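> Show me how the following folds:
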Amino acid sequence: MMRLHLHLLSDSTGETLENIAKAALAQFDDVETLRHFWPMVRSEAHLERILQEIAQNPGLVIFTLVNADVRRTLESRCRAMGLPAIAPLDPVSHALSGLLGQEAKARPGRQHTLDAAYFARVEAIQFTIAHDDGIGADDWEECDIVLAGVSRSSKTPTSIYLANRGYKTANIPIVVESPPPPELYKLKHPLVVGLTTSADRLVQIRRNRLLSLNQSPETSYVDQESVQREIAFARRMFADNGWPVIDVTRRSIEETAAAIIQLCNERNLQARDA
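Residues are numbered from 1 along each chain as shown. As a prediction, this is how the structure comes out:
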């Protein structure tokens, strides 16, 4: 297995840079990555301390720095050490500059400005947390999205992810012995999406959950036939109500959320064209 020292330098929180690095590294196997994360790099004095660490642990340097002097120093020193230094946002900024006919503003962390979109995300997160697991059915009409599915079908983590994208999301478990509240079937504004999965995957997830809680892993909650009946019951409910269904068996939370957002966009386009 190869070992790689990866130095990530940002003049802001570094969230964007981490996501870029994570996406790129996912394309390679058998690599042990040692990440060195350096956020809020805004002075040459700070950079000088980081360069000493880079010299001791040479590797790939990826940066998002808008200060011209700090950038030049980093690039010059990396060249002297024979190390690659890459600014992944530069091609995008240059293309936008050409198309828009204006220079990019050299303001670090501008994407994190406390604007209306930021406060909308905070509101969405608070709303979503308050409407987890079937709570607050009286004001579900305020939701953008309602997720329905059997227990442990990724409803809560998907809801939180969507909330971070600004979508007010509620979720409700589908239980054979306890039908959902009637409010669910009267919703007009929210997009109701059914989440389903394979019985084998669900049994495994539930069994691990019980073990983590030091509970007996041999109950009807993880019985294969019982789980299959639960899933079939939920799927019939989704079909009877015409709700779109997403199978999360082989999807990550991000992939599931992306599919739901696509459904929202399509629905909005249809409403606009109607």
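
> where do the helices sit along the stretch 101-250 of the chain?
Taking DSSP state H, counting those that start in this stretch to define them, one finds helices in the stretch 101-250 of the chain at 116-130, 155-164, 199-212, 224-241.

> Could you pull out the buried residues of the second one?
The neighbour-count check on helix 155-164 (16 or more other C-beta atoms under 10 Å) flags 155-156, 158-163 as buried. Using the backbone N, CA and C atoms, a C-beta is placed for each residue, glycine as well.

> re the thing from before, just tell me which of the helices of the stretch 101-250 of the chain ends up closest to Ala24.
Distance to Ala24, taken as C-beta to C-beta, is lowest for helix 155-164 among those, at 21.2 Å.

> packing partners for that closest one?
helix 116-130, strand 145-149, strand 169-173, helix 253-273 (3 or more C-beta pairs under 8 Å, 6 or more residues apart in numbering; DSSP states H and E).

> re earlier: which of the helices of the stretch 101-250 of the chain comes out lowest on mean pLDDT?
Between these, the one with the least mean pLDDT is helix 116-130; it has a mean of 86.

> among the helices of the stretch 101-250 of the chain, which is the most enclosed?
With neighbours defined as mean count of other C-beta atoms under 10 Å, these peak in mean count at helix 155-164, which reaches a mean of 22.

> how big is the angle separating it from strand 169-173?
Calculated by axes from the mean of the first three to the mean of the last three C-alpha atoms, to 10 degrees, helix 155-164 forms an angle of 170 degrees with strand 169-173.

> what does helix 155-164 rub up against?
121, 124-125, 127-129, 132-133, 144-145, 147-149, 169-173, 195, 248, 253-254, 256-257, 260-261 (C-beta atoms under 8 Å, 6 or more residues apart in numbering).

> Show the buried residues in these.
Buried members of the contacts of helix 155-164, scored by 16+ other C-beta under 10 Å, are 124-125, 127-128, 132, 144-145, 147-149, 169-173, 195, 248, 253, 256-257, 260-261.

> about what we covered before: just put the helices and strands packed on helix 155-164 in CSV and tack on distance to Val61.
As requested, those are arranged in CSV below (distance: least, C-beta to C-beta, whole Å):
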stretch, distance to Val61
helix 116-130, 30
strand 145-149, 40
strand 169-173, 38
helix 253-273, 27
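
> for these, which one sits closest to Glu53?
That would be, of the helices and strands packed on helix 155-164 and by C-beta to C-beta, helix 253-273, which comes in at 31.4 Å.

> on contacts alone, who are the packing partners of that closest one?
strand 145-149, helix 155-164, strand 191-196, strand 245-247.

> what helices or strands is the last one leaning on?
In this structure, strand 245-247 packs against strand 191-196, helix 224-241, helix 253-273, with contacts taken as 3+ C-beta pairs under 8 Å, 6+ apart.

> among the ones you listed, which is nearest Tyr185?
Between Tyr185 and those, the shortest gap by C-beta to C-beta is with helix 224-241, which sits at 6.6 Å.

> Give me the contacts around that closest one.
148-151, 174-176, 185, 192, 194, 196-197, 199-200, 202-203, 206, 220, 245.

> what stretches of the stretch 51-200 of the chain score poorly on pLDDT?
For the stretch 51-200 of the chain, the stretches with pLDDT under 70 are 104-116.

> how about the helices and strands packed on helix 253-273 in JSON lines, adding distance to Leu96?
Below are the helices and strands packed on helix 253-273 laid out as JSON lines (distance: least, C-beta to C-beta, whole Å):
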{"stretch": "strand 145-149", "distance to Leu96": "31"}
{"stretch": "helix 155-164", "distance to Leu96": "25"}
{"stretch": "strand 191-196", "distance to Leu96": "32"}
{"stretch": "strand 245-247", "distance to Leu96": "33"}
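
> now Arg152: how far from Met81?
49 Å (C-beta to C-beta, to the nearest Å).

> More neighbours: which of these two?
Neighbours were counted for Arg152 and for Met81 using other C-beta atoms under 10 Å; Arg152 has more, 20 against 13.
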